[in-house]
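Undergrad: Here is my input, please return the structure:
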Amino acid sequence: MEEKIMTRKELKDNAKSQLRGNWGWAIALFLVSAIFIYIVNDIISYSITGKDVIYRSVESFGSIYNNTVVVEKPMTIQISSLISYVWGILSTMILWGVTYTILKFRDDGSKENVFKAMFSAFTNGRFETSFLTSLLYGIFLTLWACLLVIPGIVKAYAYAMTPYILKDTYDAGNKPTATEAITKSRELMKGHKAELFVLDLSFIGWWLLGIITLGIGFIWITPYYRQTKANFYRELTNGKTFKKN
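TA: Numbers count the residues shown, from 1 in each chain. Prediction:
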């Protein structure tokens, strides 16, 4: 019989308790990583197309609204797609580095330097596995999403604990294979995908508030959500370690 994890209220209350007195650090961790990823996206977009991300988004929206087509050179499209794909993997690694840091903070209360935290998936021998796992993670989710939307969502929840498991595996002194964390996430989430889905749904009101405040609210909402999710993971593991057989 599977053990019942903490209620959503308990997970959230714990997150708020952990963040009390640490909001400045948690917000800085969110903002610096988000701004860095956006700036690099902008640089890549401008260097290839001569247009920044916002301009291209507005242009694309306008073309759809006016039923017109924005034409780019085939070579530009290919180069842009390749660079964007590689950067997508690297930006995922940055977000995973933030996840490693949040889990460490959740476990022992330590607050790593924000810039060091951002790149923690790139250092200490973690780069190769983090990169390959992130690559396969994206490929698997894309393939499932191409089949049908619902299976894609189900698999996204099945793989949701991947970065947390990577972090625990590294801390146990092991080097995971490219698919190990994904596989163990799928196993760990058996019977718990609906719980995480409902936990996510409980934040809908907060996400709407973030949209209403033109994104300002996300400065507080995102750290709160991430801390709650770290608590969810640690509750699932129940002190379990992920050592190689």
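Undergrad: Please make it C-alpha for all contacts and neighbour counts, starting now.
TA: Noted.
Undergrad: quick one, what contacts T228?
TA: L11, K12, N14, A15 (C-alpha atoms under 8 Å, 6 or more residues apart in numbering).
Undergrad: ok, now how distant is it from S84?
TA: Relative to S84, T228 is positioned 30 Å away (C-alpha to C-alpha, to the nearest Å).
Undergrad: Among the contacts of T228, which ones are in helices?
TA: Using DSSP state H, the members of the contacts of T228 that fall in helices are L11, K12, N14, A15.
Undergrad: measure the third one to T228 for me?
TA: Noted for N14: a distance of 7 Å to T228, by C-alpha to C-alpha.
Undergrad: My read is that I37 contacts I89, right?
TA: No. With contact defined as C-alpha atoms under 8 Å, I37 does not reach I89; the gap is 11.5 Å.
Undergrad: for the protein, which spans come out with low pLDDT?
TA: Filtered on pLDDT under 70, the chain yields the residue ranges 1-5, 49-77, 239-245.
Undergrad: how about the helices in it?
TA: If DSSP H is used as the criterion, the helices of the chain fall at 8-19, 23-49, 53-65, 74-108, 114-118, 127-147, 149-158, 162-171, 180-188, 193-201, 204-212, 218-237.
Undergrad: Return the most buried member of those.
TA: Most buried of the helices of the chain, by mean neighbour count (mean count of other C-alpha atoms under 10 Å): helix 162-171, with a mean of 21.
Undergrad: And the contacts of that one?
TA: So helix 162-171 is contacted by 96, 99-100, 103, 126, 130, 175-176, 181-182, 184-185, 230, 233, 241-243 (C-alpha under 8 Å, 6+ apart).
Undergrad: now do 6 Å
TA: W96, Y100, A181, I182, S185, F242 (C-alpha atoms under 6 Å, 6 or more residues apart in numbering).
Undergrad: Repeat that for stretch 13-22.
TA: Q227, T228.
Undergrad: what's the answer for stretch 113-123, then?
TA: Contacts for stretch 113-123 (C-alpha under 6 Å, 6+ apart): L29, M93, I94, G97, V98, T101, F127.
Undergrad: gap between the two ends of it?
TA: Start-to-end, stretch 113-123 (C-alpha to C-alpha) is 14 Å.
Undergrad: Looking at the contacts of stretch 113-123, which is nearest F218?
TA: Closest to F218 out of these is L29 (12.7 Å), distances taken as C-alpha to C-alpha.
Undergrad: Against W220, how distant is the closest one?
TA: Distance from L29 to W220, by C-alpha to C-alpha: 11 Å.
Undergrad: Kindly report the same for A28.
TA: 10 Å.
Undergrad: So for F218, what's the nearest residue that isn't a sequence neighbour?
TA: Excluding its sequence neighbours, the residue lying closest to F218 (C-alpha to C-alpha, 6 or more residues apart in numbering) is G210, at 5.1 Å.
Undergrad: my bad, W220
TA: Using C-alpha to C-alpha, 6+ apart, the closest residue to W220 is I27 (6.6 Å).
Undergrad: re the thing from before, with respect to A158, which of the ones in helices among the contacts of T228 is nearest?
TA: Of the ones in helices among the contacts of T228, the one sitting nearest to A158 (C-alpha to C-alpha) turns out to be L11, at 19.5 Å.
Undergrad: Return the residues in contact with that closest one.
TA: T228.
Undergrad: repeat that for 10 Å
TA: I5, S17, L199, Q227, T228, K229, A230, N231, F232, E235 (C-alpha atoms under 10 Å, 6 or more residues apart in numbering).
Undergrad: can you check F232 too?
TA: Contacts of F232 by C-alpha under 10 Å, 6+ apart are 5-8, 10-12, 15, 161, 195-196, 199, 226.
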